[in-house]
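*Asks:* Sequence first, predicted coordinates after that:
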Amino acid sequence: MTLNYIVFAASALLFGGSAVVALAWAMRKGQLENFQRGATSIFDADEPIGRVTDSFPGQKPKPAGGATKRS
Amino acid sequence: MNHAATIFVGVMLTFASAWLGLVFLPYVQLGNIEPAAIEGSTDAYPKPLGGLAARGRGVYIAGGCVYCHTQQIRPEGFGADIERGWGPRRTVARDYMYDRPHLMGTNRTGPDLANIGARQPSSKWHHLHLYNPRITSPGSVMPSFRYLYEKRKITGERSRLALELPEEWKPESGYEIVPTDEALALVAYLQALDHTTPLKEAETP
Amino acid sequence: MSDTRREKSSSPASPAPRGGKAIGRASDRGGSVERPIDPERAARRRFRVDESTRVPVLTFFTGGAFWLLAGSILALLASIKLHTPEFLDGASWLTFGRVRPAHLNTMIYGWASPTGIGVILWLTARLAKAELRFPRLLVAAAVVWNVAVLWGTIGILRGEGTSIEWIEFPPYVPPLLVLAFSIVALSVATTFHDRGEAHVYVSQWYIFGAIFWFPWLYTVVELLMVYRPMAGSPQASVNWWFAHNVLGLWLTPIGLATIYYLIPKVLGRPVHSYYLSIVGFWSLALFYNWAGAHHLIGGPVPAWLVTVSIVASMMMLIPVGTVAINHHFTMVGRFAILKYSPTLRFIVFGAMSYTAVSVQGSFQSLRDWNEVTHFTHYTIAHAHLGVYSFFTMTMFGALYYIMPRLTRWEWASARLIRVHFWGTAGGMAIYWIGLTWGGVLQGAAMNDPKVPFLDIVKMMIPYLWSRSLAGVLMTTGHVAFAALFTMNMLHLGKRRYEPTLLDDPREYARLIASPPAWEETPAS
Ligand code: HEM
Ligand code: HEM
């Protein structure tokens, strides 16, 4: 019985609380600003936006020079 | 961000309330139901299952009957559960107060069983049906539960419990089919499934 | 690529990086997207990040592929038994009532979840641009997880299942799953902490949601239903709170995280409206939780609860709409690529199914609709449109993208990929059409008290056969996939230096070499 009530209360706090913490964190860190830049954050410098990149990952870029275009 | 505090409290409440609403409130509202007194008698409804039937519930669970059979009667005007004769009234929370786990089910590949004990009280019928559903219900797709029955060589008297099978289902002569303890328990459970007692909160149409 | 390198890369003992190092730690102030200017450094970093995930992620995938096959066999058994009950009857452990929960649990906890976990791990490292933490512990977690699923499945077949839908594993299994999962959560959190990318991409939000929600849902439902069971109808409400949320707050976020990453990534085009994607995330988190009781319409639970759930189900059209709009407009002008890219074809199939299943779901939770379809095969069709057409297909797409980057080996055969796609997609279409149609007829007949019940049973036989046919097609697809998977893991087949495409590579090269032709098309 009491255990059940503990589960209920703890869950409510945990669930609601985590949402608040997450949202507060996101706002403080400016995650909810400048959306367009956010959207491009998944592209690396060697992945020109506007180009299809689903191709064979190629080889390990050699330590010196000649990074592969693909990946 | 002046309203940050308000927003946060709002978010907190929205999230926590979903959980509390779906899990906590039903628990409070329905978790402490008492059996109802039956009019004109000292009995109360519902009663916990007796020993054999309780074991039979375990067999029902182990066999996974719940995947094809519900145990819930929807209210009048919503589906045709009552018109089909599956029960005289809808089932309500009180009917399930002793159920652990609940076996309400979600699928009616087979008919509802909430009142099978009242609809089909004959243990003979149940044993034939469980041994092979096609004996009693031609065209049924229910699996046979032969593994709950034993084929035994008849030594001396025929067993009192042996199934009276129709000709084409009989084992070779000199043998008989007898239910195991599990089959007996399962049938006791099925016979105990009866939610026909009238309740104030569920009108009988 | 020299042979030594290949050997190294395929050996599971290749140095798993100790504790992820941040590679180019981001400045603390979020939003300032730090990109290494040097393309070469960026590529090398991505390579290292992928490397760090290889062993754990492939271990999770291998378990998943195994359970996909096992679950398919159980599915076929269950499906055939529903129209031909004599098929392999007699043995207790092969009875429908055990094979069916064994199917559900192997597919959900054996195939869908571990594959999803693998994708989560890889995505987290990719998005954080940091090496994955605790790779060795994660391998142990994968082993524990798979042993638990095996143990639980045997338990169900032996008759020790709980008969509580979606958590049938016997009580000795859940602690193992929770243990394994906590390692996954730990790794995701620490890898995220090490991140070299300040912005938290929408996929990461979904991943955090999934990682946080799943253990909570799972431990609470086990506690309240198995270890310290409450009695009676509140159980039903907890049961469906869980079963509904495990779809909406576990599988769905994984699927969407994958889609939100891979469509833009493959196309090289940022998601159409990033703002909408964030709105979608938060509204999913808000509404989904409330919707669970729509599984209990007409059941012995408080009426207000069901009503609230129906309202929440309709509200779900908002997050679903944002996702649908976003994915569609990201794809617009690029649909031609579906002809070539296996990843994109599976993923877009999954994304479209997400919209379909959700819209279907919202409407079937309306009372008038549910009155007919509840308790029928229609629900099974909806279930597979969700867990199969959306989630499973999305995972296939993700594997087509991720695997070669981890094994450093291209897919061996375009023909097998085509068999995989058409088997699963075609099978799924038959599955859904057959059972949706059959289910509506079944429900209508069931609500007409004049039709004897056994007549309904007989009427359903052809539709159930259509599902078995679908199952054979889908299983064929799975076998093709398993063959590809094995060849990829073992570096079998011809060494390829070009992507394995589903259609003429030269046309494809022409298509993508002239971006303007399709870059400047509508809506961008
Ligand atoms: C807005 C989104 C959705 C809504 C409103 C919704 C609604 C529903 C409803 C009302 C049912 C119960 C049907 C009945 O028993 O009569 C149901 C069942 C189900 N749904 Fe959905 N659905 C949605 C999305 C999804 C998604 C995305 C998935 C899969 C990833 C999914 C998978 C399932 C499954 C597996 C079941 C069957 C559960 C069972 O009986 O075991 N649904 N859905
Ligand atoms: C080879 C393809 C598949 C076939 C032929 C198949 C067949 C079946 C069958 C026969 C049932 C039982 C239906 C009933 O009780 O009436 C079922 C239920 C189910 N299957 Fe599958 N299945 C397949 C693939 C999958 C996959 C890949 C998943 C998950 C990722 C899955 C998840 C489920 C779920 C969640 C249920 C329970 C649905 C409910 O309760 O409403 N299935 N499936």
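*Replies:* That came in fine, so what should we check first? Ligands and ions are numbered 1, 2, ... in the order given.

*Asks:* C:M489: neighbouring residues, count only.
*Replies:* 17 (other Cβ atoms under 10 Å in any protein chain shown). Just so you know, the C-beta spots here come from the backbone N, C-alpha and C atoms, and that holds for glycine as well.

*Asks:* Hmm, it is touching C:L406, no?
*Replies:* No - checked against Cβ atoms under 8 Å, the pair C:M489 and C:L406 is beyond contact range at 9.5 Å.

*Asks:* Now do the shared contacts for these two.
*Replies:* Listed contacts common to C:M489 and C:L406 are C:L58; contacts here mean Cβ atoms under 8 Å, 6 or more residues apart in numbering or on different chains.

*Asks:* Make sure B:E176 is indeed in a strand.
*Replies:* Yes - under DSSP: H, G, I helix; E, B strand; the rest coil, B:E176 sits within a strand.

*Asks:* Can you report how many residues neighbour it?
*Replies:* Count around B:E176 with other Cβ under 10 Å applied: 20.

*Asks:* Spell out the secondary structure type for the nearest residue to it once chain neighbours are set aside.
*Replies:* Closest residue to B:E176 apart from its sequence neighbours, by Cβ to Cβ, 6 or more residues apart in numbering or on different chains: B:A162 at 4.1 Å. Using three-state DSSP, the structure places B:A162 in coil.

*Asks:* how much space between B:A162 and ligand 2?
*Replies:* Look at B:A162 and ligand 2: by Cβ to the nearest ligand atom, to the nearest Å, they are 33 Å apart.

*Asks:* Same question for C:Y378.
*Replies:* 10 Å.

*Asks:* quick one: contacts for that residue?
*Replies:* C:364, C:372, C:435-436, C:438-440, C:442-443.

*Asks:* Neighbour-wise, which one of those leads?
*Replies:* C:L435 (27 neighbours).

*Asks:* Are whichever helix in chain A runs longest and chain B in contact anywhere?
*Replies:* Using DSSP state H, we find that the single longest helix of chain A is helix A:2-28. Yes - judged by Cβ under 8 Å from any Cβ of the partner chain, helix A:2-28 comes into contact with chain B through A:4, A:8, A:11-13, A:15-17, A:19-20, A:23-24, A:27.

*Asks:* In CSV: these, plus neighbour count, distance to ligand 1 and pLDDT.
*Replies:* Converted to CSV, the residues of helix A:2-28 next to chain B look like this (neighbours: other Cβ atoms under 10 Å in any protein chain shown; distance: Cβ to the nearest ligand atom, whole Å; pLDDT from 0 to 100):
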residue, neighbour count, distance to ligand 1, pLDDT
A:N4, 17, 25, 74
A:F8, 19, 24, 78
A:S11, 20, 22, 77
A:A12, 20, 23, 76
A:L13, 13, 27, 78
A:F15, 23, 20, 75
A:G16, 22, 22, 75
A:G17, 15, 26, 76
A:A19, 21, 20, 76
A:V20, 19, 25, 77
A:L23, 20, 22, 79
A:A24, 15, 28, 78
A:M27, 16, 27, 76
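
*Asks:* Include distance to C:P234 when you put those into TSV, please.
*Replies:* Converted to TSV, those look like this (distance: Cβ to Cβ, whole Å):
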residue	distance to C:P234
A:N4	10
A:F8	11
A:S11	15
A:A12	16
A:L13	21
A:F15	18
A:G16	21
A:G17	24
A:A19	24
A:V20	27
A:L23	30
A:A24	33
A:M27	37
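
*Asks:* Which two among the residues you listed are spaced furthest apart?
*Replies:* A:N4 and A:M27 (34.8 Å; Cβ to Cβ).

*Asks:* Most proximal residue of chain B with respect to chain C?
*Replies:* B:G64 (2.1 Å; Cβ to the nearest Cβ).

*Asks:* Just give me the neighbour total for that residue.
*Replies:* Neighbours of B:G64 (other Cβ under 10 Å): 23.

*Asks:* burial of the nearest residue to it once chain neighbours are set aside, as a residue count?
*Replies:* Excluding its sequence neighbours, the residue lying closest to B:G64 (Cβ to Cβ, 6+ apart) is C:G97, at 2.1 Å. Neighbourhood size, C:G97 [other Cβ under 10 Å]: 27.

*Asks:* can you pull the contacts of C:G97?
*Replies:* Taking Cβ under 8 Å, 6+ apart, one finds B:63-68, B:143 in contact with C:G97.

*Asks:* cool, and A:S11?
*Replies:* A:S11 makes contacts with B:19, B:23, C:216, C:220, as judged by Cβ under 8 Å, 6+ apart.

*Asks:* could you redo the last one with a cut-off of 6 Å?
*Replies:* Residues near A:S11 by Cβ atoms under 6 Å, 6 or more residues apart in numbering or on different chains: B:W19.

*Asks:* Ok, C:A257 next?
*Replies:* C:203, C:206-207.

*Asks:* Leaving out the residues flanking it, which one is nearest to the closest residue to chain A within chain B?
*Replies:* Here the residue of chain B nearest chain A is B:A16; by Cβ to the nearest Cβ that distance is 3.4 Å. Take B:A16 and drop its neighbours on the chain: the residue closest to it by Cβ to Cβ, 6+ apart is A:G16, 3.4 Å away.

*Asks:* same question, C:S237
*Replies:* C:S237 sits nearest to B:P26 (Cβ to Cβ, 6+ apart), 4.3 Å away.

*Asks:* Kindly report the same for B:D99.
*Replies:* C:G232 (5.6 Å).

*Asks:* Can you check the pLDDT for the residue nearest to B:G64?
*Replies:* We note a pLDDT of 95 for C:G97 in this prediction.

*Asks:* Distance-wise, check it relative to chain A.
*Replies:* Computed as Cβ to the nearest Cβ, to the nearest Å, the C:G97 to chain A distance reads 30 Å.
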